[in-house]
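Chemist: Sharing a model that was predicted from the sequence below.
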Amino acid sequence: MQIAIGTYDHTKALKDGSVKLPGVSFDFVEVSPPYDPSGITSLLAARISLDFIGSIFHERAKRRG
């Protein structure tokens, strides 16, 4: 399943729901620093990656008790 995300809030809502599933993966498409001279797209991709990874580990820790 592929889902297009428009804003950070959409991504956060998706992350919050998806980390409870048994298998989760995510992929970034079209993060191209040459087309983003301000660097905000790369920073957002890094932030979302950290949020997803942190949430996955947090959910796993909760399951273990």
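Modeler: Done, it's in. Numbering: from 1, shown residues only.

Chemist: what's the longest helix in the chain?
Modeler: When the chain is parsed with DSSP state H, its longest helix is helix 40-64.

Chemist: Any idea how far that one is from the middle of the chain?
Modeler: 6 Å (C-alpha atoms, centre = their mean, to the nearest Å).

Chemist: So which elements touch that helix?
Modeler: helix 8-18 (3 or more C-beta pairs under 8 Å, 6 or more residues apart in numbering; DSSP states H and E). Just so you know, the C-beta spots here come from the backbone N, C-alpha and C atoms, and that holds for glycine as well.

Chemist: Return the set of buried residues in the helix it packs on.
Modeler: 11, 15, 18 (16 or more other C-beta atoms under 10 Å).

Chemist: for this protein, which spans come out with low pLDDT?
Modeler: Across the chain, the ranges flagged by pLDDT under 70 are 1-8, 17, 19, 21, 24.

Chemist: Go ahead and flag the most central residue of it.
Modeler: Residue closest to the average C-alpha location in the chain (C-alpha atoms, centre = their mean): Ile48, at 3.9 Å.

Chemist: where's that one relative to Leu14, distance?
Modeler: According to C-beta to C-beta, to the nearest Å, Ile48 stands 10 Å off from Leu14.

Chemist: same question, Glu30
Modeler: Distance from Glu30 to Leu14, by C-beta to C-beta: 17 Å.

Chemist: Over to Ser42?
Modeler: Counting by C-beta to C-beta, the gap from Ser42 to Leu14 is 20 Å.

Chemist: rewinding a little: quick one: the longest helix of the chain to helix 8-18, angle?
Modeler: Put simply, helix 40-64 runs at 20 degrees to helix 8-18, going by axes from the mean of the first three to the mean of the last three C-alpha atoms, to 10 degrees.

Chemist: List the contacts of helix 40-64.
Modeler: Residues from elsewhere that reach helix 40-64 (C-beta atoms under 8 Å, 6 or more residues apart in numbering): 8, 11-12, 15-16, 19-20, 24, 26, 28, 31-33, 35-36.

Chemist: Of all pairs in these, which one is the farthest apart?
Modeler: The two members of the contacts of helix 40-64 with the most space between them (C-beta to C-beta) are Lys20 and Tyr35, at 34.4 Å.
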